[in-house]
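S.K.: based on what follows, work out the 3D shape:
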Amino acid sequence: MYDNADLAAVRGRFGTPAGSVPETSPEMRFRDTLASWLARWGVRRYGWSVQPGLYALGRPTDASPVFVSANYKLSFDALRASLKGRDAWLLVLDTKGINVWCAAGKGTFGTLELARSIAETELDKIVCHRTVIVPQLGAPGVSAHRVKFYSGFNVVYGPVRAEDIQDFLSSGNRASPEMRRVRFNFADRIALAPLELVSFGKYLLPVAAALYFTGLKADAVLTAGALLAGAVAVPAFLPWLPGRAFAVKSAAAGGAVAAGLALALGLSLPGAAARVLIYSAAASFIGMNFTGASTYTSLSGVQKEMRAALPVQAACLLAGLTIMLLRRFL
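M.R.: Purely as a prediction, here's the structure:
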């Protein structure tokens, strides 16, 4: 088991005019890399958090920059690793173990929490400047003028990606248009797949096994296919799937996979149609979960989509089951 100091890679204490603070390192250990990999697969994903507060990275002075982060370990690790060779202060907010982007949407990475942390750590006694650098993805939760009003500190929004922080600092805390650009490329999207596979696989794989051992081998294969369609095909092929709503995109992916598998399994036309209805609905439900992980959906948009999609998914599932039952008993 890790303790909190170990999670934050604390290697001692660093003295400041407001008292000593934990000193962390930019070096990523094997256990940090392993923890990151396990979190991607849903293992203790919500247990990897570091203690909120102020951390010293390197040998910071009163003129060193102050970077704000969430207390989700992966966010903290990304920040400290990107600052290798730099001296800085890391102000970690209490986001309840949630990453910057999601916490900004939930309100825990927000104006009042930032102002509270500045006051609680007595940051004004530690640095001679009055600037904190907030990640751009945290901007929805942080009002710069209100932080200034409450704390006296100015907010500068840093780049979207931690990998650009070195160039950002070298440019005098100025972000280029490319640093401001939010990308959601294949690597970003497919990194989300393992968690969805685990989250839904723990329910669907036992169902698939039960179907297989009760003689419904085709449905066992199709259940696994729906899982792969919703959890893997959706993020992999997101830009090319038809429709704008995730429910529609994932239904298209599930329908295509179900139709292909039904054809390969030699199912009759009514049987194939029933399976397409059932398993496209299942894939649609799985894929809809990505609405919370996309860079271009809002909270209200997600809620609106779910209200519209869930009744349709239920109707498709019911229609498919009805067709199967009619074929069996008529």
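
S.K.: from here on, contacts and neighbour counts on C-alpha atoms
M.R.: OK.

S.K.: report the secondary structure state of residue 23.
M.R.: Classification of residue 23 using DSSP: H, G, I helix; E, B strand; the rest coil returns strand.

S.K.: just how off-centre is stretch 31-43 within its chain?
M.R.: Stretch 31-43 sits 13 Å away from the centroid of its parent chain (C-alpha atoms, centre = their mean, to the nearest Å).

S.K.: kindly report the same for stretch 320-330.
M.R.: The chain centroid and the centroid of stretch 320-330 are separated by 40 Å under C-alpha atoms, centre = their mean.

S.K.: just so I have it, where are all the strands in the protein?
M.R.: Using DSSP state E, the strands of the chain run over residues 10-14, 21-24, 53-57, 66-70, 88-93, 131-134, 154-157.

S.K.: packing partners of the second one?
M.R.: Packing partners of strand 21-24 (3 or more C-alpha pairs under 8 Å, 6 or more residues apart in numbering; DSSP states H and E): strand 10-14, strand 53-57.

S.K.: likewise for the fourth one?
M.R.: Contacting strand 66-70 under the criterion 3+ C-alpha pairs under 8 Å, 6+ apart are the following elements: helix 73-82, strand 88-93, helix 100-106, strand 131-134.

S.K.: likewise for the longest one?
M.R.: With contacts defined as 3+ C-alpha pairs under 8 Å, 6+ apart, the secondary structure elements packing on strand 88-93 are strand 53-57, strand 66-70, helix 111-120.

S.K.: which of those is buried the deepest?
M.R.: Among those, strand 66-70 has the highest mean neighbour count (mean count of other C-alpha atoms under 10 Å), at a mean of 27.

S.K.: re the thing from before, can I get the helices and strands packed on strand 88-93 in JSON lines with distance to residue 126 and mean pLDDT?
M.R.: JSON lines is the format used below for those (distance: least, C-alpha to C-alpha, whole Å; pLDDT from 0 to 100):
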{"stretch": "strand 53-57", "distance to residue 126": "10", "mean pLDDT": "96"}
{"stretch": "strand 66-70", "distance to residue 126": "10", "mean pLDDT": "96"}
{"stretch": "helix 111-120", "distance to residue 126": "10", "mean pLDDT": "96"}
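
S.K.: columns distance to residue 95 on top of these, output as CSV?
M.R.: Putting the helices and strands packed on strand 88-93 into CSV (distance: least, C-alpha to C-alpha, whole Å) gives the following:
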stretch, distance to residue 95
strand 53-57, 11
strand 66-70, 6
helix 111-120, 9
